[in-house]
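**Student:** no sequence for this one, just the structure:
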């Protein structure tokens, strides 16, 4: 499958002689239709280099990639959905560092470049740090969704700082409205939306190195910094005047239903903090950019921590080294490799040199601007924590907190669940 997006596009010069051409195997989580898109990107690489790329996707990637590595049959490149597993495999000697100069390239060419270097750097079996991965395709979480019509009717402006956001929330209450819709319900995963709030608040109240120490438990969960971030979430979620249905409705409201109050007449709420995927749960026929829009979940001006962004992303790493595998990672530096997927939608990138016109729509372009304006990017913390915490006690602890339990007590309980 070849893309018309590439007519006349200048690509990074990567060539391989017939004698050195390789069969490169790639393993990841992308299934159809994402698999066809990434294969189209690999087609461009094949045309440029003479190498052949074979991609396989699986919904059992996390288990299978480790089995293959332990058996000595790993693919040349593995595409990790989160860096935690990559870090674990690096510590066991299953990953190969990227070429010298890769970290400098990422720092220079990715927005918040040092963040991406940090997220792809892990200790090897000897405890030495190396850059093992390059991120490609990013998801964004630090967003607030709203109805432009409701804001215009009420005369509200988009807040630029967290102080402005709190002031706007107070103004909405004074005007007789309710500023926020918040829902933590998600079946067996109930509570996860609150973990995103807390992670965003950690990035807005503490430097990124403190966030990193928290995620690794070098900073205990019951430390004052973490308790403070939980209470910052409570500033919004535990205020009966702030939340549609009152604070008591937060834990019981399904996250998929919670944004619908934005579209009621009169509105049940004016704002909803959620990731870039949430329009999938807006009422049928909602047009993003017209009926609904978003703004960056702002940082505290007083904290002076820049514009931190919370999100997720996929990491390309070498699990079976070869010259061709290194060349394929290097090919991902080319803006054109990103622009293929940009044209299909559902793709954001921190690459500063991509052509914004290649995005499928204005919404994607605007979302990517948030990413490019970030001064710090950090991965969803709960996804990096041990499963018993990140997908267990952290979720349930946030439900307890929304139900009225003290933040310090909740944090202490989560800390006690951390595996030794």
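**Tutor:** Sure, I can see it. Everything numeric here is computed off the predicted structure, so don't read it as measured data. Residues are numbered from 1 along each chain as shown.

**Student:** pLDDT weak spots in this protein?
**Tutor:** 1-19 (pLDDT under 70).

**Student:** can you point me to the longest strand in it?
**Tutor:** Counting by DSSP state E, the longest strand found in the chain is strand 308-318.

**Student:** how's the chain carved up into domains?
**Tutor:** Taking automatic domain parsing as the reference, the chain has its domains at 4-131+309-374, 157-298+381-416.

**Student:** strands along the stretch 51-200 of the chain, start to end?
**Tutor:** Using DSSP state E, counting those that start in this stretch, the strands of the stretch 51-200 of the chain run over residues 52-57, 77-80, 121-123, 129-131, 133-140, 143-146.

**Student:** tabulate those (TSV), appending distance to residue 294 and mean neighbour count.
**Tutor:** C-betas here are computed from N, CA, C, even on glycine. What follows is the strands of the stretch 51-200 of the chain, written out as TSV (distance: least, CB to CB, whole Å; neighbours: other CB atoms under 10 Å):
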stretch	distance to residue 294	mean neighbour count
strand 52-57	30	17
strand 77-80	28	26
strand 121-123	31	17
strand 129-131	32	16
strand 133-140	9	23
strand 143-146	5	20
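
**Student:** could you dump those into JSON lines with distance to residue 297 added?
**Tutor:** Converted to JSON lines, the strands of the stretch 51-200 of the chain look like this (distance: least, CB to CB, whole Å):
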{"stretch": "strand 52-57", "distance to residue 297": "32"}
{"stretch": "strand 77-80", "distance to residue 297": "26"}
{"stretch": "strand 121-123", "distance to residue 297": "27"}
{"stretch": "strand 129-131", "distance to residue 297": "29"}
{"stretch": "strand 133-140", "distance to residue 297": "10"}
{"stretch": "strand 143-146", "distance to residue 297": "5"}
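
**Student:** to residue 36, which of those strands lies closest?
**Tutor:** strand 52-57 (9.7 Å; CB to CB).

**Student:** ok, the closest one: who's next to it in the sheet?
**Tutor:** Its sheet considered, strand 52-57 pairs with strand 23-28 (parallel) by DSSP bridges.

**Student:** that older thread, the longest strand of the chain packs against which elements?
**Tutor:** Applying 3 or more CB pairs under 8 Å, 6 or more residues apart in numbering; DSSP states H and E, one finds that strand 308-318 makes contact with strand 77-80, helix 83-91, strand 133-140, helix 192-205, helix 323-331, helix 362-372, strand 376-379.

**Student:** possible to save the domains of the chain as TSV with distance to residue 143?
**Tutor:** Shown next, in TSV, are the domains of the chain (distance: least, CB to CB, whole Å):
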stretch	distance to residue 143
domain 4-131+309-374	7
domain 157-298+381-416	5
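
**Student:** just how off-centre is the longest strand of the chain within its chain?
**Tutor:** Put simply, strand 308-318 sits 6 Å off its chain's centre (CA atoms, centre = their mean, to the nearest Å).

**Student:** please apply the same query to stretch 66-76.
**Tutor:** 27 Å.

**Student:** buried residues in it?
**Tutor:** 66, 68-69, 74-76 (16 or more other CB atoms under 10 Å).

**Student:** stretch 223-234 now?
**Tutor:** Going by neighbour count (16+ other CB under 10 Å), the buried part of stretch 223-234 is 223, 225-227, 229-234.

**Student:** tell me which of these fall in helices.
**Tutor:** 225-227, 229-234 (DSSP state H).

**Student:** reformat those residues as a markdown table; add distance to residue 362.
**Tutor:** Shown next, in a markdown table, are these (distance: CB to CB, whole Å):
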| residue | distance to residue 362 |
| --- | --- |
| 225 | 38 |
| 226 | 38 |
| 227 | 40 |
| 229 | 33 |
| 230 | 36 |
| 231 | 37 |
| 232 | 32 |
| 233 | 31 |
| 234 | 35 |
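
**Student:** quick one on the thing from earlier: list the buried residues of the longest strand of the chain.
**Tutor:** Those would be 308-318, for strand 308-318 by 16+ other CB under 10 Å.

**Student:** then stretch 116-128?
**Tutor:** Within stretch 116-128, the residues that qualify as buried are 116-122, 124, counting by 16+ other CB under 10 Å.

**Student:** same deal with stretch 334-350?
**Tutor:** 334-344, 347-350.

**Student:** quote the end-to-end distance of that stretch.
**Tutor:** 12 Å (CA to CA, to the nearest Å).

**Student:** and stretch 69-88, by the same measure?
**Tutor:** Note: stretch 69-88 ends 12 Å apart using CA to CA.

**Student:** cool, and stretch 242-254?
**Tutor:** Using CA to CA, first and last residues of stretch 242-254 are 18 Å apart.

**Student:** centre of the chain to that stretch, how far?
**Tutor:** 25 Å.

**Student:** how many residues are close by the residue nearest to residue 171 when sequence neighbours are not counted?
**Tutor:** Excluding the flanking residues, the one nearest residue 171 by CB to CB, 6 or more residues apart in numbering is residue 156, at 7.3 Å. Using other CB atoms under 10 Å, residue 156 has 18 neighbouring residues.

**Student:** also the one 10 residues further on?
**Tutor:** As a burial measure, residue 166 scores 17 neighbours (other CB under 10 Å).

**Student:** show me what contacts it?
**Tutor:** residue 235 (CB atoms under 8 Å, 6 or more residues apart in numbering).

**Student:** now distance to residue 163 too, for the helices and strands packed on strand 308-318, in TSV please.
**Tutor:** As requested, those are exported to TSV (distance: least, CB to CB, whole Å):
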stretch	distance to residue 163
strand 77-80	37
helix 83-91	32
strand 133-140	23
helix 192-205	11
helix 323-331	42
helix 362-372	19
strand 376-379	19
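
**Student:** what's the closest of those to residue 303?
**Tutor:** helix 192-205 (6.1 Å).

**Student:** angle of that closest one against strand 308-318?
**Tutor:** Between helix 192-205 and strand 308-318, the angle comes out at 100 degrees (axes from the mean of the first three to the mean of the last three CA atoms, to 10 degrees).
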